[in-house]
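Student: my questions are about this predicted structure, shown below with the sequence.
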Amino acid sequence: MSATKVNRTKKAGEEHDRPMIGTWISVGVVGVVILATYLLLFGLFMARY
């Protein structure tokens, strides 16, 4: 039997870095939408008085 060669040139988390950028952009967009909705509703509430 021959031993298999393992290529370990990549770092531990390097292959997952690229998809995480899209995840953080999506989280940021959702956060901005939630914040904008809150501010809009708060503004409408304060405009009543």
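Tutor: Done, it's in. Residues are numbered from 1 along each chain as shown.
Student: and R8, what's its pLDDT?
Tutor: R8 is assigned a predicted lDDT (pLDDT) of 62.
Student: next: the one 3 residues further on.
Tutor: Model confidence at K11, given as pLDDT, is 63.
Student: and the helices in this protein?
Tutor: If DSSP state H is used as the criterion, the helices of the chain fall at 17-47.
Student: where does it have low pLDDT?
Tutor: Low-confidence regions of the chain, defined by pLDDT under 70, span residues 1-3, 7-18.
Student: give the buried residues for stretch 24-37.
Tutor: Burial within stretch 24-37, assessed by neighbour count using 16 or more other C-beta atoms under 10 Å, is assigned to no residue. No exception for glycine: its C-beta is placed from N, CA and C like everyone else's.
Student: dump that stretch to CSV, restricted to CA.
Tutor: Taking C-alpha atoms only, stretch 24-37 is exported to CSV below (Å, rounded to 0.1, in the frame of the first residue of the first chain):
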residue,chain,number,x,y,z
TRP,A,24,-22.4,40.0,6.7
ILE,A,25,-23.7,42.1,3.8
SER,A,26,-27.1,40.4,4.1
VAL,A,27,-27.1,40.9,7.9
GLY,A,28,-26.3,44.5,7.5
VAL,A,29,-29.1,45.1,4.9
VAL,A,30,-31.6,43.4,7.2
GLY,A,31,-30.4,45.5,10.1
VAL,A,32,-30.7,48.7,8.1
VAL,A,33,-34.3,47.8,7.1
ILE,A,34,-35.3,47.0,10.7
LEU,A,35,-33.7,50.3,11.9
ALA,A,36,-35.4,52.3,9.1
THR,A,37,-38.8,50.7,9.9
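Student: residue numbering should commence at 20 henceforth.
Tutor: New numbering, starting at 20: the last item is stretch 43-56.
Student: what sits up against that stretch?
Tutor: By C-beta atoms under 8 Å, 6 or more residues apart in numbering, the list of residues contacting stretch 43-56 from outside is empty.
Student: OK, contacts around L59?
Tutor: Contacts were defined as C-beta under 8 Å, 6+ apart; by that measure L59 touches no other residue.
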